[in-house]
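Asker: Provided below for reference: sequence and predicted model.
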Amino acid sequence: MVLYEVEGKTFLITGGASGLGAAYVEAFLGLGAKNIAVLDVAEEAGEALAGRMNESNPGKVIFIKCDVSKEDEITKAFNKVVAAFKQIDVLINNAGIMVDAPDFWRTACDVNWQGLVSFTMKAITHMSKAEGGAGGTIINISSTAALKKYRFLSIYCGAKMAVLHFSQSLAMDPFFDETGVRVLAICIGPTDTPLIQGLENKAYCPKLGKVFVKESTMQKDSQTVSSAVNAFVMMYKTGPPGSIWYSNKNKAGRDITSIIDEAFADFQKKILEA
C-alpha cells in the first residue's frame, strides 16, 4: 500500500471557511501541511479562520474570497494561490450547497458541479507531469445522496451523482500514469454541520419542504464532524488513484470502489450490452 504524506504539501480547499472545510484545514495543518489556501464566499468567517490558524502556524494559511459559482472569480482565486505558493499539491473541492429551492437551485448547481469541474480542470493543467507539473491529488466531495434517491433533493442528488461519475471517469487508466494526478472522491453522509439545518427551506417546493422535516432522518442519523474528518484523512493517506470512499453514521471510512465498479459492470451488461 502506498502511503501519501501530508507534511510539506500545499493545499487549496474550497468552501473552507466553516463546517467540514474548516475541519479539514485544521486537520491537515496538524499533520504538517506546508501551506493551505482557504477559498470561500464567506469573507468574515474565512478571515477569522485564517487568523486563528496562523496564531499557532504563522503564515501558513491564507484566505481568498471566491464565489465558486462564478468562473471569473474561480480563475482569479486559483491564480492568486499559485502566485502566493508557486505550487498546489492538493485540491479539495469541498464547496457545496444543499438547496433545491426555486430561487437558489441554479446557483447551487453552479457551486456543486460547474465550479468543481472548473477547479479540477485548472488543477490538472497545473499539476500534470505531462505539462511540466509535479503531480498531485484532487479530492472531489460527493455525497451519500449520489447513492440513493431523495425525493426532496432531486437536484442536489443529481449534482452529487455527477461529481461521483465525473471523478471516476476522469481517473480511468492511463490518467494517473500520464499525469501523476491522483483523483479521489468521497461520498459523505449527513454530518453535524449547518448543511443539514433548515431542511424546510431546502426542497424545491414549500409543500415538500414541510414533509421533508417530518420524514427526514438526516439530523437524527448524522455523524460527527470528527468521524467524517477521520475518514477523509484516511482516504487521503491510503486511497489509490481513482478510488471512491464512503463516510457515514460514525463508522470508519471505507473504500467502496469495487462495489461501484461491480454495479456499473452489471448495469452495462444488463442494459447497454443487451
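Answerer: Looks like it came in fine. Because the structure is a prediction, the values reported are computed rather than measured.
Asker: Buried residues, the helix or strand of the chain with the lowest mean pLDDT. List them.
Answerer: None of the helices or strands of the chain scores lower by mean pLDDT, DSSP states H and E than helix 206-215, at a mean of 82. By 16 or more other Cβ atoms under 10 Å, the buried positions in helix 206-215 come out as Leu208, Gly209, Phe212, Val213. Bear in mind the C-beta positions are built from the backbone N, C-alpha and C, glycine included.
Asker: I'd like these as CSV, with distance to Thr120 appended.
Answerer: Formatted as CSV, the buried residues of helix 206-215 follow (distance: Cβ to Cβ, whole Å):
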residue, distance to Thr120
Leu208, 32
Gly209, 32
Phe212, 31
Val213, 34
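Asker: nearest to Gly136, of those?
Answerer: Phe212 (38.6 Å; Cβ to Cβ).
Asker: Pull the contacting residues for that closest one.
Answerer: Phe152, Leu199, Glu200, Lys202, Ala203 (Cβ atoms under 8 Å, 6 or more residues apart in numbering).
Asker: now with 10 Å?
Answerer: Asp100, Tyr150, Arg151, Phe152, Leu153, Leu199, Glu200, Asn201, Lys202, Ala203, Met218 (Cβ atoms under 10 Å, 6 or more residues apart in numbering).
Asker: Show me the two of the residues you listed that sit farthest apart.
Answerer: Arg151 and Asn201 (16.3 Å).
Asker: What segments of this protein are strands?
Answerer: Along the chain, counting by DSSP state E, strands occupy 10-14, 35-40, 61-65, 90-93, 136-143, 181-188, 244-247, 254-255.
Asker: Need the ones you listed in TSV (columns: mean pLDDT and distance to Thr224).
Answerer: TSV is the format used below for the strands of the chain (pLDDT from 0 to 100; distance: least, Cβ to Cβ, whole Å):
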stretch	mean pLDDT	distance to Thr224
strand 10-14	98	20
strand 35-40	98	22
strand 61-65	98	24
strand 90-93	98	19
strand 136-143	98	17
strand 181-188	98	12
strand 244-247	98	11
strand 254-255	98	17
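Asker: Nearest the geometric middle of the protein, what residue?
Answerer: Ile141 (2.6 Å; Cα atoms, centre = their mean).
Asker: Count the residues that sit near the closest residue to that residue other than its chain neighbours.
Answerer: Among residues not flanking Ile141 along the chain, Asn94 sits closest, at 5.2 Å (Cβ to Cβ, 6 or more residues apart in numbering). Using other Cβ atoms under 10 Å, Asn94 is surrounded by 26 other residues.
Asker: Leaving out sequence neighbours, find the closest residue to Arg254.
Answerer: Closest to Arg254 by Cβ to Cβ, 6+ apart is Tyr246, at 5.5 Å.
Asker: so what's that neighbour up against?
Answerer: 142, 144, 147, 186-189, 231, 235, 252-257, 259-260.
Asker: what about burial for the residues you listed, which qualify?
Answerer: Neighbour-count burial (16+ other Cβ under 10 Å) applied to the contacts of Tyr246 gives 142, 144, 147, 186-189, 231, 235, 253, 255-257, 260.
Asker: which two in those residues are spaced the farthest apart?
Answerer: Gly189 and Thr257 (17.5 Å).
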